[in-house]
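J.: predicted coordinates and the sequence they were generated for:
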Amino acid sequence: MDAKVFSKEGKETGKVTLPEAVFGAKWNPDLVHEVVVGMQANARAGTAHTKDRSEVRGGGKKPWRQKGTGRARHGSRRSPIWTGGGVTFGPRTEKDYSVKINKKVSKKALASVLSKKLADNEIVFVDSLAMEAPKTKDAKTVVAALAKGADQADLATKRKNAAVVILADRNLATEKSFRNFGNMTVVQAKDINPVDLLTYKYVVVADASSSVEILEKRVAPTAVKSK
C-alpha cells in the first residue's frame, strides 16, 4: 500500500509505503465511539462544585417559632428551598469521570480512524514541513500549495477544523508558524489520538516516512512479558 508524498511547494516527490495494520484496518464505529467518549470523559476537569446545606453560611438559628405565626414551619435558612440555601444534588468535586480504556482497544481505534481517513482521501503526506523561522505567512503559502497539489481545495478554504498537522519530532518554528490558524493544530505522531483525528477533516502527515514508522510502532501489539 503506497501513498503520494508532496513537498512544501505542492509537488509530488515520491511515495511512502503504508503498513496495512495502520492504514488498512476495518472501520469500526462502535469501538471508535467507545474510545472517543472515554477520552473525552478522562479530559473532564471535574472542578464544578456546589455547597450543600451543611456547607453554606448562616442558618444557625430557627427563622421563626414552630407554631402560631401562620407561616410554614422552617428549621434553617440553609434549606435548599430558601434563597442562598444549600444545593440539592448539585455537582461535586468528589465525582470521578475517568473511564478505563484498554491499550488494545485504543490502538485498534487509532488504526481504524487513520484507515478511514485514508479511504476517504483526507490524508496528505508531506516530505517535510520544517521552517527556518516561525512565519504564519509562509505556513499559509504551504497550505495553499498542498491543497492545490493534493487536489483538496477545502484544506485551504475550510474555516473551521480544517486540518491536524502531524510531526515526527517537535519543531518549534513549524508549530509557531501554524498556531495562528484557528482552524488547524499541530500534534506529534507519538501523541496523536482518535479525538484529534476526528475533530479535523484533513490530516497532514509531515516527515512522512518517520511519522508512519512512529504510528506503526504505536499500533503494534504489546509484547506479552514471560513469567
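T.: Perfect, thanks for sending it. Residues are numbered from 1 along each chain as shown.

J.: what's the pLDDT at A162?
T.: Looking at A162, its pLDDT stands at 93.

J.: what is the burial count for it?
T.: 22 (other CB atoms under 10 Å). The way it works is simple: take the backbone N, C-alpha and C, and place the C-beta from them, glycine included.

J.: for P19, same thing?
T.: 16.

J.: who's in contact with it?
T.: 1, 212, 216, 219 (CB atoms under 8 Å, 6 or more residues apart in numbering).

J.: same question, V219
T.: V219 makes contact with 19, 21-22, 107, 110-111, according to CB under 8 Å, 6+ apart.

J.: just these now: which is nearest A45?
T.: Closest to A45 out of the contacts of V219 is L110 (24.4 Å), distances taken as CB to CB.

J.: secondary structure class for that closest one?
T.: helix (DSSP: H, G, I helix; E, B strand; the rest coil).

J.: so it touches R218, yeah?
T.: Yes: the criterion here is CB atoms under 8 Å, and L110 meets it with R218 at 6.7 Å.

J.: ok, these two, which is more surrounded?
T.: Neighbour totals were compared for L110 and R218, and L110 leads with 21 against 17 (other CB under 10 Å).

J.: mind giving me the domain ranges of the protein?
T.: Following automatic domain parsing, the chain resolves into domains at 2-27+102-219, 45-96.

J.: any chance of the ones you listed in TSV, with distance to G38 too?
T.: What follows is the domains of the chain, written out as TSV (distance: least, CB to CB, whole Å):
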stretch	distance to G38
domain 2-27+102-219	9
domain 45-96	13
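
J.: can you say which of the ones you listed is nearest to M39?
T.: domain 2-27+102-219 (5.1 Å).

J.: start and end of the closest one, how far apart?
T.: 18 Å (CA to CA, to the nearest Å).

J.: for stretch 110-126, same thing?
T.: 20 Å.

J.: tell me which residues are up against that stretch.
T.: 3-8, 16, 18, 21-28, 31-32, 146, 150, 152, 155, 192-194, 197-198, 201-208, 215, 218-219.
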